[in-house]
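1. With the sequence up front, the predicted model follows.
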Amino acid sequence: MADMKGHRGGTSVKQEEEPQVDSSAASFSGGQTRTDPRDNNRSVANLDAEPVQTTSSINPDVSGNNKERGQWGNRAEFFLSCVGLSVGIGNVWRFPYLAYQNGGGAFLIPYFIILFLVGKPLYFMELSLGQYSSLGPWTLFKRMCPLGAGVGVAMCVVCLIISIYYNVLMSYTVFFMAAVWKSIFLKERLPWDVCHPEWANEQCFVRANVAPPFGAMSSPIAMNGTVPILRFLWRNLSAVTVKLQPSPEQYFERYVLQSSTKERDFTLSQPGPVIWQLALCLIFCWIVVFFCLYKGIQSSGKAVYFTSTFPFVILLVLLVRGVLLDGAVEGIIFLFKPQWHRLLDVTVWRSAAAQVFFSLGVAQGPLMMFGSYNKFHMRVYKDAVIVCCLDTLTSLIASIVIFSVLGNLAFQLDVPIGTVAKGGPGLAFIAYPEALSKLPVPQLWAVLFFLMLFLLGLDSEFGLLEAVLTAFYDEYPSLRQKKALVTGAGCAVCFLLALPCITHGGLYVIDLMDTYGAGFAVILIAFFEILAVFWAYGLKRLQHNLDFMMKYTPSIYFRSCWVIIAPLILLFIFIYSMADYKPFATNDPDGKYPKWADGIGWLLALASILQIPIWAIYSVVKQSATSCRNKLLQASQPTSEWGPAVLEDREEELSYCYGQQGTTRCDSIELNRTDRGEVYNCQDGTTRLRPQGPNYCQAYDMRSGLDNPAFLPT
C-alpha cells in the first residue's frame, strides 16, 4: 500500500470531473479497467467551500494542475513527445548498424524478446511513476525509495552523456544539408556522387549507375561505372594493392569526419584538432535546442507537432524506392534471416538490450519526466503500447531501407552482403546517401531526408536534456524562475564537453560513449531500477497507485515481467557480458583504438553506475535509527513527501484508501470547511482539526498501521 505521509501545502478541494473509462484499454494493454465505487459514493463533502490559506513548498494550485511546474497543453503534445523521444536517430542510425554488425535476423530475435519482456513493461512503469508523483527521476527516487536515489542520479548522468554525442550526430546532418544546398546553388551533382580529387584517393569508385563528372580527374579505378570491372576487382582484392571504397563512404570519412587525409590517418590516441566546420554545425544545433527548450515543455510541446510527424513521410518514400532496387530482396532477407549460431554470442544480446533502452528511453529518465507533466488521472498504458509499436516499426522501416541499398550494392559487385560495407556508427551516413542518389531529383530528397534526420534527433534531444534540467528544477525549485539561464548554461556546457567528438578522430570517441555510456551502464541501471521500485517500494504499492490514479490493474504479464522476468534477463545479460568481455583493441585490426580506450569507456560507465552505491550509502547513514538494520529499513521506505503533488489528489487518495481498507482507524472521512481550517470527523468519535497554524492533523499511516503526525502538514 502506498505511503500516505507528508502531504504538503493547502488549497481548496475542488472536485474534478472523473475521466471516462476506456472500454478498449484493457484488451489493448493486457490489464483490467473498471468503474470505481468512488464514483457513486464519495466521502468528501462541501467541496466548493473557501480554501484554507496555508504556506507550501510545493504550491499546488486550486484546479488540480501544478501550474508552477507546468503541464502539457493537451494529450497530443504528450503522445507526440513520447513518439519523438523513442522514434529518433537511434532508429535510423543505431538500429540498422547494430543489426548489420550482429548478424541481421540474429539481432532481431533477442531484440523482440527484450522489448516484450523488459522494454514495454518498464516503459509503462516509468510513465506511470512520473505521472503519479509529478517529479523527474532524481527527486522521484529520492522520495519513493531513498535507498535507490542513486538510480535517479545515474539516469541523469546517462542522459547527459547521450545528449552530448547525440547532438554531434545532428551536426553531421546539418553538414550534409549545407553540402546539398551548395550543390544546388552551383548546379552540381550531390557531393558524394563523385570522387572529387579534393578528398578522394585511388581507392574511390562511383556506383555503376552514376556517371563520372570530372572525366580524367576522377579516380582511375572503375570510374567508368562498368559492373564487370567492379566485380572483378572486388572479388580479387588479394591481387590488387588497394581496397575499393564507394564514394559515399570516402566522402563521409575523408571529407565530413576528415578521419583520413592524404597525409595521415587519425586514431583515438591521435585525434587531431577540432574540425571547425563541424564545430559551427554543432553550435547551430545547440542554439536550436536552446530556443526549443528555454521555456520548458511550453515550447518543446508545440515543436513536436511537426518534428514528430514529418520524418515518417520521408522514411516511407525511401522505403518504396529502396525495395524496388535490384538485389533489394536479398538485402531484406539478410535482415530477417537469422544466423542461428550468433544467438550464442552474448554481444548480440547485450547490443539488443542496449538498443531497446536507447531507443525507447527506458532507464534514462525522460519517460518519468514526460509523465510528470501529465494530468494526474490520465491513462497512459495505451500510449505506452502504441509508442513501443511505432518505435519498433520505425526501426524496421529504416533497416529495410539500408539493407535494400546494401543488397543492391552486393548485387552490383556480386559479393556477400555481409562483406559489402563497413559496419559501425557511420553505416547510416553511407547507405542513406547512396539511396538518395538513386531517387529522381536527388537534391530535393537529400534536403528532405537530412532535414528529417535533424528533426528526429531534435525530438530525442528535447527529452534527454529536459530530463536533466527537470531533475534540477524539482530538486531546486527556485531555478524554475531562471529557465532560460539554466538551459543556456546547460547547452553551453554540453557543447564544450562535445568538442572531443568533433575532432578528426571524433567518431571513435562517439563509439566509446555509445558502447559504454549508453550500453553497459543502462543495463545495470535498469536492473537496480527494478529492485528499487518492485522489491523495495513494492509491487502492491505500485498497484494501488495505478488503481487509484487510472482505475487500472496491471495484468499478470506486467506483474511477472516487473518482478521476476525482467530482472533475471538483465542480470543474465550483464553477468554473461562480463564473463565474455573483450576489449575494443582485440576487435580492432586497424589499430584505431589503443589499449587504454576501454579504461576511458569504463570511466564513462562508472560515472553513472557508481551513483547507485554512493547515494545508497548516504541515504542509509543519514537515517535517524540507531541500528544498521533499522537504518536500512528506513531508507527503503517512502519519505513523508512521496505522493501526488497536488493537495486535492492527496486528499482524494486518502479518502480512497480508507474506503478500500476496512480496518483503518477512519473508515470514512467527512471533509468540512470552517473559518479555522479543515475538520475530519472519524467514526471512532474523534474530531481531528487541521487549523491554519503550524499544528498537524493526526492521520492513519497506511504503511505501518500507526498514527502518523506528519500527514498533511500546514
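-> Looks like it arrived, so ask away.
2. can we go C-alpha only for contacts and neighbour counts from here?
-> Will do.
3. quick one: low-confidence parts of the chain?
-> 1-69, 207-243, 295-308, 420-425, 585, 587-589, 591, 657-714 (pLDDT under 70).
4. The stretch 101-250 of the chain: strands as residue ranges?
-> 204-205, 245-246 (DSSP state E, counting those that start in this stretch).
5. er, the chain actually
-> Listed in chain order, the strands of the chain (DSSP state E) span 32-33, 204-205, 245-246, 552-553, 670-673, 677-681, 687-691, 699-700, 707-708.
6. Pretty sure residue 117 sits against residue 567.
-> No: in this structure, residue 117 is not within contact of residue 567 by CA atoms under 8 Å, at 9.9 Å.
7. And those two? Which one has more around it.
-> residue 567 (22 against 19; other CA atoms under 10 Å).
8. Give me the number of neighbouring residues for residue 330.
-> Neighbours around residue 330, by other CA under 10 Å: 18.
9. I figured it hits residue 405, correct?
-> No: at 10.2 Å, residue 330 does not count as touching residue 405 under the criterion of CA under 8 Å.
10. Name the single longest helix found in this protein.
-> helix 149-185 (DSSP state H).
11. Please spell out which residues along that one are buried.
-> 149-177, 179-181 (16 or more other CA atoms under 10 Å).
12. Now do the contacts for the residue nearest to residue 507 when sequence neighbours are not counted.
-> Spatial nearest neighbour of residue 507, chain neighbours left out: residue 501 (6.4 Å); criterion: CA to CA, 6 or more residues apart in numbering. With contact taken as CA atoms under 8 Å, 6 or more residues apart in numbering, residue 501 is in contact with 165, 168, 507-510.
13. Next one: residue 501 from residue 121, what distance?
-> Distance of residue 501 to residue 121, computed by CA to CA, to the nearest Å: 34 Å.
14. same check, this time on residue 110
-> 16 Å.
15. More neighbours: which of these two?
-> residue 121 (23 against 18).
16. Not counting sequence-adjacent ones, nearest residue to that one?
-> residue 558 (5.8 Å).
17. and the one you found, how many neighbours does it have?
-> 22.
18. In this structure residue 255 contacts residue 196, no?
-> No: shown here, residue 255 and residue 196 do not form a contact pair, counting by CA under 8 Å, at 10.0 Å.
19. Between these two, which is the more surrounded one?
-> Higher neighbour count among residue 255 and residue 196: residue 196, with 21 against 18, using other CA under 10 Å.
20. In contact with the residue nearest to the spatial centre of the chain, which residues?
-> Central residue of the chain (CA atoms, centre = their mean): residue 361, 2.0 Å from the mean position. Neighbouring residues of residue 361 by CA under 8 Å, 6+ apart: 85-86, 367.
21. mind redoing it with 10 Å?
-> Counting by CA atoms under 10 Å, 6 or more residues apart in numbering, residue 361 touches 82, 85-87, 119, 122-123, 126, 159, 355, 367-368, 460, 463-464, 522.
22. Residue 173 now?
-> 167, 179, 281, 285, 429, 447, 449-455, 457.
23. what do you get if the cut-off is 6 Å, keeping everything else the same?
-> Each residue near residue 173 by CA atoms under 6 Å, 6 or more residues apart in numbering is listed here: 450, 454.
24. what do you get for the one 10 residues further on?
-> Counting by CA under 6 Å, 6+ apart, residue 183 touches no other residue.
25. again, but for residue 102
-> residue 348.
26. Could you measure from it over to residue 407?
-> Counting by CA to CA - residue 102 and residue 407 are separated by 17 Å.
27. and what of residue 561?
-> 38 Å.
28. Those two: which has the busier surroundings?
-> Neighbour count, other CA under 10 Å: between residue 561 and residue 407, residue 407 has more, with 31 against 20.
29. How about that one: what's its closest non-neighbour residue?
-> Nearest non-adjacent residue to residue 407 (CA to CA, 6+ apart): residue 331, at 3.9 Å.
30. again, but for residue 433
-> residue 248 (6.7 Å).
31. ok, the residue nearest to residue 507 to residue 260 distance?
-> Distance from residue 501 to residue 260, by CA to CA: 15 Å.
32. same question, residue 629
-> Residue 629 is 59 Å from residue 260, by CA to CA.
33. who's more crowded, the two?
-> Using other CA under 10 Å as the criterion, residue 629 and residue 260 rank with residue 260 on top: 17 against 11.
34. Who are the contact partners of the more buried one?
-> Residue 260 sits in contact with residue 254, where contact means CA under 6 Å, 6+ apart.
35. quick revisit: from what I can see the residue nearest to residue 407 touches residue 405, true?
-> No: in this structure, residue 331 is not within contact of residue 405 by CA atoms under 6 Å, at 7.4 Å.
36. that older thread, so which of the strands of the stretch 101-250 of the chain gets nearest residue 133?
-> Of all the strands of the stretch 101-250 of the chain, strand 245-246 sits nearest to residue 133, with 52.9 Å by CA to CA.
37. Provide the strand pairings for the closest one, with the direction of each partner.
-> strand 204-205 (parallel) (DSSP bridges).
38. How far does the partner strand sit from its chain's centre?
-> 38 Å (CA atoms, centre = their mean, to the nearest Å).
39. what are the ranges of the helices in the stretch 401-550 of the chain?
-> 428-437, 442-475, 483-497, 506-512, 521-530, 539-550 (DSSP state H, counting those that start in this stretch).
40. go on, the stretch 51-200 of the chain?
-> Using DSSP H, counting those that start in this stretch, helices in the stretch 51-200 of the chain cover 75-86, 89, 95-101, 105-114, 120-133, 137-144, 149-185.
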